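Asks: How does the following fold in three dimensions:
(4 chains)
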There are 2 protein chains.
Amino acid sequence: MERLPKRQRHQELSRLIEDNPFLTDRELTRLLKVSIQTIRLDRLELAIPELRERLKVMAERSYDPVRSLPLHEVIGEVVDLQLDKSGISLFEIREEHVFSRSGIARGHHVFAQANSLAVAVINDEIALTASADIRFLRPARLGEKCIAKAYVRSGGSQKGKAKVEVCTYVGDEMVFQGYFVIYRSRAADSMESVGGEEAHENRD
Amino acid sequence: MERLPKRQRHQELSRLIEDNPFLTDRELTRLLKVSIQTIRLDRLELAIPELRERLKVMAERSYDPVRSLPLHEVIGEVVDLQLDKSGISLFEIREEHVFSRSGIARGHHVFAQANSLAVAVINDEIALTASADIRFLRPARLGEKCIAKAYVRSGGSQKGKAKVEVCTYVGDEMVFQGYFVIYRSRAADSMESVGGEEAHENRD
DNA sequence: TTTATATTGATACCTGGTGCCAATTCTAGA
DNA sequence: TCTAGAATTGGCACCAGGTATCAATATAAA
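Replies: Next up is the predicted model:
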C-alpha cells in the first residue's frame, strides 16, 4: 500500500476503523505507512476516539438493553411519515439479510421493512398487523437499497381496521408489493389530546 | 456496608460485576471496603478479567454482525423436516420481538418464522418466496412458544412454483396462517445426485 | 527562496491494570 | 496463651494504549 495524501488517508483511516474498530494506532501505522503521531493527529482531526473509548462505547451500546433493540424493532429507516396518510422507509440489503449462495434477500427481511412501515404509518397506540397479501415481484439483492412507500387506503382514522398498501422499490423497479390490514385500537381523531409521539407504540 | 468474610465478599463481587461490568477495581474498593490488592486477588481467584478485557469482550459480542442479528437466517428452530412434504419449527417470543408497551410480537417476526420454514421445506438449491397470503389470527405474546407447521400443498417436486401452507400455534390456539407460493429453481427429483445438505441454500 | 503545511520524534504523564515480594493482621487450633 | 497459616495490605516495577505538548524535519506551494 502506497503513502497517500492526507485527504485520502483520512478517508482510508475512517473506513478502516469503521469496519474494524478494534485496530490500535500501532496497527494502523502498519496499514497506512505513516508514523504513530500522524495517526493520532488524524484521529484528532477526524474526532475518532481512542481504541479503549471505542470499545467502551460499543460495550455500553450493547449493554443498554434499550439501545440494543432497535435493530429488531422497526426494520428500515423511516425518512418520511405522514400519520394516517403515507410513509417512506429505506433499507439496505446487507450480507446478513441474504442467502449466501445467491446473494438474494430472504423474503422476511423485505416483508419486515414493509410491515414495520405499515404499522408505523398508523397513528395509534396499538397497531397490529391483522393480515397481508404480498408479492415478491423480483428478488432484492445484496447491496441494493430498498425504498418502501406506504399509503393508507382506507380506515385512515376510524377505529378498527386500516388498509395500507406498501410498494418497495429498488431504483424504479418494484420488488415487493403488499396489502396490509392493520388493526388499530382506537380512532386517530381521539389521539389529538394525547400527542402523537407519546401515543405511538411503533416509535419505541 | 460492613466488611464481609471472604466467601461472601466473593459472592458480592461477582454480583456487583455481573450487574455493572463497567466497575473499576478502585470503585470496587469503595463498595466492598477492602484494599485494591484484595479486589485483585479476588478477581484472580474468581477468574474475573480486568475492566478493559470485560469491555472488549462485550464489544466483540455486540460487534460480530453475523451472530448479533436474529432476523438473520432461519428464524426459529427447525425440529422436523420432511423435504417437499412438511416441516415443524419452534420460535419463542422474546423481549426483542415485541412491542414494549403491549408485549405483543411484531408481525414480521411471526411471519419470518413461517417464511423461513416454508422455504426450508422446499428441497431445492434456490427457493424464494414469490407471494404469500397471511393472517394474524391472534397476537402472539412475550414468552409464548410458537409452533409453526408447514405442509407442501402442491408443486412438491416439479420445477416452478410450490404451494406451502404454514399454520403457527401457541398451545392449541392458531395464531397465524399463511399460504406461501415458493419459487424453486429446479425439480426436487433432480436433487438426488447432489445431496440434501449441500444443495440446501436455506441451511446456511 | 521563503513560507506554510505535513510529518515525525521525543518526552512527560495518564488509567487501569499485572506480577511479585514483603509486611502486617486476623484467626483458629494445639 | 502461643503460634502457624491464611487473609489482607503496601509498595514497587512494568505494561498497553493512549493524551498533551514542544521541537525538528520534510514537502509542497507561492
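Asks: Excluding chain neighbours, what is closest to whatever residue of chain A ends up closest to chain B?
Replies: Nearest residue of chain A to chain B: residue A:62, at 3.0 Å (Cβ to the nearest Cβ). (Glycine included, C-beta is placed from N, CA and C.) In this structure, residue A:62 finds its nearest non-sequential neighbour in residue B:62, 3.0 Å apart by Cβ to Cβ, 6 or more residues apart in numbering or on different chains.
Asks: Hmm, residue A:57 and that neighbour touching each other?
Replies: No - here residue B:62 does not reach residue A:57: they are 10.3 Å apart, not a contact under Cβ atoms under 8 Å.
Asks: who has more neighbours, these two?
Replies: Comparing residue B:62 with residue A:57 by other Cβ atoms under 10 Å in any protein chain shown, the one with more neighbours is residue B:62, at 18 against 14.
Asks: Stretch A:163-177: which residues count as buried?
Replies: Burial within stretch A:163-177, assessed by neighbour count using 16 or more other Cβ atoms under 10 Å in any protein chain shown, is assigned to A:163-170, A:175-177.
Asks: Quick check: the two most widely separated of those residues?
Replies: A:163 and A:170 (24.6 Å; Cβ to Cβ).
Asks: Enumerate the residues of chain A near DNA strand C.
Replies: A:5-6, A:9, A:34-35, A:37-38, A:41 (Cβ under 7 Å from any atom of the strand).
Asks: If any of those residues are buried, give me the PyMOL selection for them.
Replies: In PyMOL, this line selects whichever of those come out buried by 16+ other Cβ under 10 Å:
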select buried, chain A and resi 9+34+38
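Asks: picking up where we left off before, ok, so of the buried residues of stretch A:163-177, who is nearest DNA strand D?
Replies: residue A:170 (39.4 Å; Cβ to the nearest atom of the strand).
Asks: Not including adjacent chain positions, what is the nearest residue to that closest one?
Replies: Using Cβ to Cβ, 6+ apart, the nearest residue to residue A:170 is residue A:144, at 4.6 Å.
Asks: which residues does the residue sitting nearest the centre point of chain A contact?
Replies: By Cα atoms, centre = their mean, chain A has its centre lying nearest to residue A:76, at 3.3 Å. For residue A:76, the contact set (Cβ atoms under 8 Å, 6 or more residues apart in numbering or on different chains) comprises A:89-91, A:112-113, A:116-117, A:146, A:148.
Asks: repeat that with 6 Å
Replies: Contact partners of residue A:76, counting by Cβ atoms under 6 Å, 6 or more residues apart in numbering or on different chains, are A:89-91, A:113, A:116.
Asks: any idea how far it is from residue A:138?
Replies: Distance, residue A:76 to residue A:138, by Cβ to Cβ, to the nearest Å: 18 Å.
Asks: One more: residue A:183?
Replies: Residue A:183 sits 30 Å away from residue A:138, going by Cβ to Cβ.
Asks: Give me the more crowded residue out of the two.
Replies: residue A:183 (20 against 12).
Asks: For that one, which residues count as its bridge partners?
Replies: Judged by DSSP bridges, the bridge partners of residue A:183 are residue A:128, residue A:161.
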